[in-house]
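Q: just a sequence and a predicted model for now, questions to come.
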Amino acid sequence: MSTMFGPRFKVCRRLGLNVIGHPKAMNRAVKGTARNDKKLSSYGTQLLEKQRLRAYYGVYEKQFRNYVKKALKEKDLTGYALIKMLECRLDNIVYRLGFASSIAQARQMVNHGHFLVNGKKVDIPSFQVSVGDVITLKSKSQKIELFRDNFLDNIVNTLPYLTKDENNFSGILERYPNREEVPIEINEVLVVEFYSKLQ
């Protein structure tokens, strides 16, 4: 399994944005180290925003480009359609529900087959969760202290489009998120503009 995760705090400092959600990620950030500390061209600004969005969700360029192509075919605004698809990846939903402390950990948990979607095992991180889908931590996995504590102790990742059932170690995607509800600092219009020039 290949991932795009390297030194995560360093990536945040370079991008000038805490894309991993860790409270200490930007502690060592100093002026002049981030790419946006320098004057950027229009292309450079769009490129940086694209790199930030990819880093939020931990997606490689080839896969990310495929998401953009699909978003261009959607009825929704392209930027919102792109965000919606990324937000509804199984690894991201697992993270948002609080089963994992990071996207990287969530992806690993999914890859190792710890989750059921509507009662069926799914071990593909990019699996698209649909409205009404129930994501459940397998009963055997509920005995793992780290997973159990992550889920029960997590009170930060409370989002209006998700519901948690602590008794059954599960969660449901109640509806697709509105753009303003997605907790990322991104101007997706710039991302769409970046790829429109490459068509």
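A: Yep, that arrived.
Q: how far away is the nearest residue to I184 once chain neighbours are set aside from D91?
A: What sits nearest to I184 in space, not counting adjacent residues and going by CB to CB, 6 or more residues apart in numbering, is Y56, at 5.2 Å. Where you see a C-beta, it was placed from the backbone N, CA and C, and this is true even at glycine. Relative to D91, Y56 is positioned 12 Å away (CB to CB, to the nearest Å).
Q: swap in E188?
A: Distance from E188 to D91, by CB to CB: 20 Å.
Q: neighbour count winner among the two?
A: D91 (26 against 22; other CB atoms under 10 Å).
Q: what about that one, which helix or strand?
A: helix 90-96 (DSSP states H and E).
Q: then that helix to PDB, C-alphas only?
A: Coordinates of each C-alpha in helix 90-96 appear next as PDB, following Å, rounded to 0.1, in the frame of the first residue of the first chain:
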ATOM      1  CA  LEU A  90     -14.700   5.900   3.700                       C
ATOM      2  CA  ASP A  91     -11.400   6.700   5.300                       C
ATOM      3  CA  ASN A  92     -12.400  10.400   5.800                       C
ATOM      4  CA  ILE A  93     -15.800   9.400   7.200                       C
ATOM      5  CA  VAL A  94     -14.100   7.100   9.600                       C
ATOM      6  CA  TYR A  95     -11.900  10.000  10.700                       C
ATOM      7  CA  ARG A  96     -14.800  12.400  11.000                       C
END
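Q: what comes up buried for the next helix or strand after it?
A: For helix 90-96, the following helix or strand on the C-terminal side (DSSP H and E) is helix 103-111. Across helix 103-111, burial judged by 16 or more other CB atoms under 10 Å covers I103, A104, Q105, A106, R107, Q108, M109, V110.
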